[in-house]
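**Q** no sequence on this one, just coordinates:
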């Protein structure tokens, strides 16, 4: 797969203001919140911009100072926001109580009636946006927000296909978002059928496509995943979706809130590629790590189209290293990520 790296990659979704109590405090303990911004598809756009690829984020935000600050934040990373709609009443919020040891993180969404929630087909000029683009990325979160945003996803995918773009989908199943009367099993597979690449965790594929995957039960970096099982599951997905060129499984074993093990697989052209297992025993913030995986893989698929093993290794390294920084965005360059993908994992001082 060869792609013009001068053409932009477009991502579409909702971005929100994230409010997090400092120092692992619970909501009832804090009088202060750290403010940052994030959202799955915006996180992908930031990763791609950090790697030097032209990226543009499409969304709808209100015309107020908070939304101005949000867009300024995206632009500070080099993400284009030229075609962001300014419409509606409010920017969505989410509150994040961070995990520690055996305590799980808690997320409270406040995104009803947001500008993105009110988005409808016909409001975005996809033909103009895709004129100088090569890739379009969306996720199941955008289709979960409302019936109309699911229709906008369908509209965007159709326009991207017509324009000859590569289209990728992150399943991104969020059970608390599906409130408008349709199930993700009804909505997502018809949209996925028009996509070239799928990304998702093992449990997301099981939930949405009703397939069984092997259990990823790593306890250390020496763990050997069930490659035969993942290859069989990948073939099953490929048979159901013949248009798809690449199927990615993100694998995670959670030993505690601060100790995760991650790996991944990529199935393409009838062959399964697997990455090494990363043992991350001091997770700082696991929000956005799947998006870092997606951004890293897209970069690898674009820049290393003749080396699928490196593309997967780069994506898995991007996922692993994102765990070490707070906030939704990955903060690493292509050089730093490639160094981790190719070299030893030791955390020594670079000087």
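**A** Perfect, I can see it now. Quantities reported herein were computed from a predicted structural model and do not represent experimental measurements. Numbers count the residues shown, from 1 in each chain.

**Q** what about the helices in this protein?
**A** Secondary structure of the chain (DSSP state H): helices at 40-50, 65-76, 126-129, 140-145, 147-162, 184-192, 202-209, 227-240, 289-303, 308-322, 334-342.

**Q** mind listing the strands the helix or strand of the chain with the lowest mean pLDDT pairs with, and their directions?
**A** Least confident helix or strand of the chain, by mean pLDDT, DSSP states H and E, is strand 106-110 with a mean of 90. On the basis of DSSP bridges, the sheet neighbours of strand 106-110 come out as strand 93-97 (antiparallel).

**Q** any idea how far the strand it pairs with is from the chain center?
**A** Centroid displacement of strand 93-97 relative to its chain, using C-alpha atoms, centre = their mean, to the nearest Å, is 18 Å.

**Q** of the helices of the chain, which is nearest residue 221?
**A** Nearest to residue 221 among these is helix 308-322 (10.7 Å), distances taken as C-beta to C-beta. Placement of C-beta: from N, CA and C, glycine included.

**Q** ok, back up a step: quick one, which of the helices of the chain is nearest to residue 176?
**A** Comparison of the helices of the chain against residue 176 by C-beta to C-beta identifies helix 140-145 as nearest, at 9.0 Å.

**Q** excluding chain neighbours, what is closest to residue 332?
**A** residue 321 (5.6 Å; C-beta to C-beta, 6 or more residues apart in numbering).

**Q** for residue 27, same thing?
**A** residue 97 (5.6 Å).

**Q** next one: residue 130
**A** residue 163 (4.1 Å).

**Q** next one: residue 5
**A** Nearest to residue 5 is residue 302, by C-beta to C-beta, 6+ apart, at 6.1 Å.

**Q** what's the local residue count around the one you found?
**A** Residues lying near residue 302 (other C-beta atoms under 10 Å) number 22.

**Q** next: residue 82.
**A** Neighbours of residue 82 using other C-beta under 10 Å come to 11.

**Q** so what's it up against?
**A** residue 56 (C-beta atoms under 8 Å, 6 or more residues apart in numbering).

**Q** equivalent analysis for residue 284, please.
**A** 323, 324, 325, 326.

**Q** and the last one, backbone torsions?
**A** When read as degrees, to the nearest 10, the backbone of residue 326 gives phi -80, psi 160.

**Q** any weak-confidence spans in the stretch 201-350 of the chain?
**A** Confidence mapping of the stretch 201-350 of the chain against pLDDT under 70 gives the ranges 345-350.

**Q** with the stretch 51-200 of the chain instead?
**A** For the stretch 51-200 of the chain, no range has pLDDT under 70.

**Q** touching, residue 154 and residue 193? I think so.
**A** No - between residue 154 and residue 193 no contact is recorded; they are 11.1 Å apart, counting by C-beta atoms under 8 Å.

**Q** what pLDDT does residue 39 get?
**A** Confidence at residue 39, expressed as pLDDT, is 96.

**Q** now the end-to-end length of stretch 136-145.
**A** From its first residue to its last, stretch 136-145 covers 19 Å (C-alpha to C-alpha, to the nearest Å).

**Q** off-centre distance for that stretch?
**A** Using C-alpha atoms, centre = their mean, the offset of stretch 136-145 from its chain centre is 10 Å.
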